[in-house]
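Novice: here is my input, please return the structure:
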Amino acid sequence: MGNVFRAGADSMYLSNGGTEVFVEVLTLAVAELAERPWELRFAALLARQDQSVLGRGAVGFDLAELGWGGTAGERAAAKAFVLAVTGLAARRHRWEELGYEPPYAPEYLRRFREIAEGFEPPAGGPPGDALPPPAVAGCTRHRVLSALPDWEGCVFCHR
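Specialist: Model (predicted):
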């Protein structure tokens, strides 16, 4: 059992343990970069990939189901943000705080970057927007954004 992260037909399957690592390293990076509403919504999406709350094998998302913005500029900025978060995570941002060495994380991030780079956000947008409301609450203990009001704590609190 595992989880799938995709962009339409292109996908990446991760085991449950791989998913935990992938979400944790992206969570550390997105907390550093998210400022604008769309960015905070993407941060909220990542915060909701918590298998400790939702169950193992019950997370994942499809980039094609996200509302990327109404203009070409908004879509380009949103895609650039996803790539910036992935790049910061790949540069091992705050990995010393994980408490473990994630040897496969660079490959997960490389593959996700490849998927995101090849994805062209649709001009018309999806029929529904899978992005949750912006993450505005933070976990002060771990200095990341949390999934409040859906549940208290962050992916690190729930380990």
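
Novice: now the helices for the chain?
Specialist: 16-33, 37-47, 51-54, 72-90, 105-118 (DSSP state H).

Novice: so can I have TSV of those helices showing mean neighbour count and mean pLDDT?
Specialist: Backbone N, C-alpha and C define where each C-beta goes, glycine included. Output for the helices of the chain, formatted as TSV (neighbours: other C-beta atoms under 10 Å; pLDDT from 0 to 100):
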stretch	mean neighbour count	mean pLDDT
helix 16-33	22	94
helix 37-47	22	91
helix 51-54	16	59
helix 72-90	18	97
helix 105-118	17	97
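
Novice: of those helices, which is nearest Arg141?
Specialist: Closest to Arg141 of the helices of the chain is helix 16-33 (C-beta to C-beta; 12.4 Å).

Novice: by contact count, what packs against that closest one?
Specialist: If you count contacts as 3 or more C-beta pairs under 8 Å, 6 or more residues apart in numbering; DSSP states H and E, helix 16-33 packs onto strand 2-7, helix 37-47, helix 51-54, helix 72-90, helix 105-118, strand 144-145.

Novice: circling back to that earlier point, go through the helices of the chain and name the closest to His142.
Specialist: With C-beta to C-beta as the measure, helix 16-33 is the member of the helices of the chain nearest His142 (8.5 Å).

Novice: only C-alpha atoms, please: export that closest one in CSV.
Specialist: Extracted C-alpha coordinates of helix 16-33, given in CSV (Å, rounded to 0.1, in the frame of the first residue of the first chain):
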residue,chain,number,x,y,z
ASN,A,16,3.9,4.9,3.0
GLY,A,17,7.3,5.5,4.5
GLY,A,18,8.5,7.2,1.4
THR,A,19,5.4,9.4,1.5
GLU,A,20,6.2,10.5,5.1
VAL,A,21,9.7,11.5,4.1
PHE,A,22,8.5,13.3,0.9
VAL,A,23,5.8,15.2,2.8
GLU,A,24,8.2,16.1,5.6
VAL,A,25,10.9,17.6,3.4
LEU,A,26,8.4,19.5,1.3
THR,A,27,6.7,20.8,4.5
LEU,A,28,10.0,22.2,5.8
ALA,A,29,10.6,24.0,2.5
VAL,A,30,7.0,25.3,1.9
ALA,A,31,7.1,26.9,5.4
GLU,A,32,10.0,29.0,4.4
LEU,A,33,8.6,30.2,1.0
